[in-house]
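output the structure for:
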Amino acid sequence: MINDVLWIVFFIALGVQLIYILLIFSRLSFFHRNKISTLQKNRSEGVTIIVAAHNEKENLKKLIPILCSQDYPNYDVMIINDRSFDGTRVLLEKMMSQYPQLRTVTVKYTPDHVTSKKYALTLGIKVAKNDVLLLTDADCIPQSDQWIRLMTAPVREEGKTFALGYSPYEKDHGILNKWIQFETLWTGILYFSFALWGAPFMGVGRNLSYRRGFFMEKKAFKDLWQIDCGDDDLFINKYANGKNTSVVIHPDSITLSKPKSTWKSYFRQKKRHFHAGKYYRGKDKQKIGLYSFSHLLFWLSGITLAIFLGLDQNWEQFSLIIGITIVRSILLTSVVTSARKKLEGNTKVFWTSLFDVIYLGYFWIIGTLGYQSKKVRWK
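Residues are numbered from 1 along each chain as shown. Below you'll find the predicted structure:
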């Protein structure tokens, strides 16, 4: 009787998993990337790059020269100096004499009722020179001089409100970095695939474009001020839909970020990210939750069945469980590998099957802690 229930649960969970893997996540894997068109190169609506920086002097030294050497004819760079005390102000004053595109605004304090990064971004966006905005962070490096052109093309050329980009982390040695590579790629697969399905639910502020006019029309982060995160994913979640949002899938459009170097700092970061998820629209929670719950049931019922069948020496059905698990792992690995090639131009993916199992504990433990936390902070 118990075995019968476990088989039913196993096959239902498998069915849901296959629907997600083959019908939703594969949209990114089979995405056909268009080349940069002549039309894109000829049009040059103004773009303002927005970077909020708190004590990021060393990162800005590297970032600003790269931002100011983009192959785009009409843009400026707005660095928002958010209460820095590490010499950022002096650095910006010096670099503004070197780079005519560079502008800055200084935030001296943050009001009590708002969160610091949202406040800093709002001040910078209010005085932005151009209507098309391109956001990134101080520790993120565009990987080509075509970054502006590619990331803003949907907004400039297609009339979209939002363009969602991808921002992986620098590669390093160690299990933590390999896990970060996988988890970041998996998150990218989730939000890109749903956006390609016409149901966008998040984006990352490390690589994101939208119009200043839309931001001001919606009164900035109205109804989001009190939430200590979500200047990117919650803003997207609130306003993005299948008609006004596009994704940018090209290795030359990505920004490369610095990863956390300790498990403690990483878990603190992810706790903040999961905290934002509690404020997602109900339908988006259901879409993500259905996959995650079926993922959990698939492995729990499959492992339990394998143990029972092994104890009963029912090797025929035991082999069936193992075979199904292997086929699912092959399909998932194929989707993840193809997605990484589309996003990064890199086909090497570390330990997908192992990390797929580890993701269960990560999602349900860290996710629950983040979801239930009452307060997180930017810096």
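
low-confidence ranges, this structure, go.
32-43, 225, 228, 347, 350, 371-379 (pLDDT under 70).

against Arg340, how distant is Lys348?
8 Å (Cβ to Cβ, to the nearest Å). The way it works is simple: take the backbone N, C-alpha and C, and place the C-beta from them, glycine included.

higher neighbour count, the two?
Under the criterion of other Cβ atoms under 10 Å, the comparison of Lys348 against Arg340 puts Arg340 first, with 23 against 10.

contacting residues around that one?
Residues in contact with Arg340, defined by Cβ atoms under 8 Å, 6 or more residues apart in numbering, are 185, 346-349.

for those residues, pick the one with the most neighbours.
Leu185 (24 neighbours).

right, and it touches Leu343 too?
Yes: at 7.4 Å, Leu185 and Leu343 qualify as touching, with contact defined as Cβ atoms under 8 Å.

any shared contact partners between these two?
Pro168.

coming back round to it: rebuild the contacts of Arg340 as a markdown table, extending it with distance to Thr333.
As requested, the contacts of Arg340 are exported to a markdown table (distance: Cβ to Cβ, whole Å):
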| residue | distance to Thr333 |
| --- | --- |
| Leu185 | 12 |
| Asn346 | 15 |
| Thr347 | 11 |
| Lys348 | 12 |
| Val349 | 7 |
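
show me those residues that map onto helices.
Leu185 (DSSP state H).

closest to Phe293 among the contacts of Arg340?
Leu185 (21.7 Å; Cβ to Cβ).

how close does that closest one get to Thr110?
34 Å.

same question, Leu102
24 Å.

look at the two and report which has more neighbours.
Leu102 (19 against 15).

show the contacting residues for that one.
Each residue near Leu102 by Cβ under 8 Å, 6+ apart is listed here: 64, 68, 76-77, 79, 92, 95-96.

make it 10 Å
For Leu102, the contacting residues are 49, 64-65, 67-68, 76-79, 92, 95-96, by Cβ atoms under 10 Å, 6 or more residues apart in numbering.

what's the most distant pair in these?
The most widely separated members of these are Pro65 and Met78, with 15.9 Å between them, by Cβ to Cβ.

of these two, who's got more company?
Each of Pro65 and Met78 has its neighbours counted (other Cβ under 10 Å); Met78 has more, 23 against 13.

confirm that the more buried one sits in a helix.
No: assessed with DSSP: H, G, I helix; E, B strand; the rest coil, Met78 is strand; it does not lie in a helix.

you'd agree it is up against Thr136?
No: using Cβ atoms under 10 Å, Met78 is not in contact with Thr136; the gap is 11.3 Å.

between these two, what contacts are shared?
In contact with both Met78 and Thr136: 49-52, using Cβ under 10 Å, 6+ apart.
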